[in-house]
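A.B. asks: based on what follows, work out the 3D shape:
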Amino acid sequence: MTTNTPNTISILGSGWLGLPLVERFVQLGYHVNASTRSAARLPLLTAAGAQPFLIDLAHPATETAAFLNAQTLIVNIPFKDVAAFERFVPQVAVAKVTNVLFVSSTSVYPANNTVITEDAGMELPDHPLTKIEALFTTNPAFNTTVVRFGGLIGGTRHPGRFFTGDKIIRNPEAVVNLIHLEDCVNIIAKIVQQNVWG
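C.D. replies: Next comes the predicted model:
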């Protein structure tokens, strides 16, 4: 049975970034609800100290209401089905969630090899992640913070994987963004701890 306290966090997605987030927030003393789409991963979440949930946004889940019994929701899945999020966000809105952290991507910006800030307003309007971000940020039922990572490395993701096999690097002189898994976890943890919402 989950409890809704200021120390309860639900993490949607427990893969490359999600599982280390589970471990970090458990270490920090939070009660963590963590989801996976694979029943085989449920014991892994339990072993990490989380309350496990089997949730797949592509298929309505019976456990969603209990999973959302938290003050903070971290959405961390590489899933770009806008229609699925259109069904999910209203469920978040009627839950007890007050803060949402949506892990997005720098792919919402055009690949023009320049420095871009949010103030530039250069998000691609037709990109699925731009639309999904807006579903969260425009909902008045909760506060949303969006983080856009790019060039994820660390853990099982080595930057050398971009050069494996017969891959052709179309623009070998292009600047690349890289961010380490540990930095991603630290950034998200600080946002939650310091209440940097909206």
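A.B. asks: quick check, R148 in a helix?
C.D. replies: No - using DSSP: H, G, I helix; E, B strand; the rest coil, the assignment for R148 is strand, not a helix.
A.B. asks: run a quick neighbour tally on it.
C.D. replies: Neighbours of R148 under the rule other CB atoms under 10 Å: 18. In short, each C-beta sits where N, CA and C put it, glycine included.
A.B. asks: from M122, how far out is it?
C.D. replies: To M122, R148 is 12 Å away according to CB to CB, to the nearest Å.
A.B. asks: what do you get for L17?
C.D. replies: 25 Å.
A.B. asks: so those two - more neighbours on which side?
C.D. replies: Between L17 and M122, counted using other CB under 10 Å, L17 has the larger neighbour count: 24 against 13.
A.B. asks: what comes up buried for stretch 186-198?
C.D. replies: I188, A189, I191, V192 (16 or more other CB atoms under 10 Å).
A.B. asks: just the residues you listed: which are in helices?
C.D. replies: Judged by DSSP state H, the subset of the buried residues of stretch 186-198 located in helices is I188, A189, I191, V192.
A.B. asks: quick one: average pLDDT of stretch 16-30?
C.D. replies: Per-residue pLDDT over stretch 16-30 has a mean of 96.
A.B. asks: what residues of that stretch count as buried?
C.D. replies: Within stretch 16-30, the residues scored as buried using 16+ other CB under 10 Å are W16, L17, G18, L19, P20, L21, V22, E23, R24, F25, V26, Y30.
A.B. asks: and it, how far out from the chain middle?
C.D. replies: 13 Å (CA atoms, centre = their mean, to the nearest Å).
A.B. asks: residues contacting the helix-or-strand element of the chain with minimal mean pLDDT, please?
C.D. replies: Across the helices and strands of the chain, mean pLDDT, DSSP states H and E gives its lowest value to strand 152-153, namely a mean of 76. With CB atoms under 8 Å, 6 or more residues apart in numbering as the test, strand 152-153 has contacts from W16, L17, P159, L178, I179, H180, L181, C184.
A.B. asks: just stretch 17-36 next, same as before
C.D. replies: By CB under 8 Å, 6+ apart, stretch 17-36 touches 2-3, 5, 7-14, 42, 44-45, 48-55, 66-67, 69-70, 74, 76-77, 103, 152, 155, 181, 184-185, 188-189, 192-193.
A.B. asks: show me which of the residues you listed are buried.
C.D. replies: Buried members of the contacts of stretch 17-36, scored by 16+ other CB under 10 Å, are 2, 8-14, 42, 44-45, 48, 50-55, 66-67, 69-70, 74, 76-77, 103, 152, 181, 184-185, 188-189, 192.
A.B. asks: okay, and the beta partners of H31?
C.D. replies: Bridge pairing for H31 (DSSP bridges) gives the partners T8.
A.B. asks: how many other residues sit next to it?
C.D. replies: By other CB under 10 Å, 18 other residues sit near H31.
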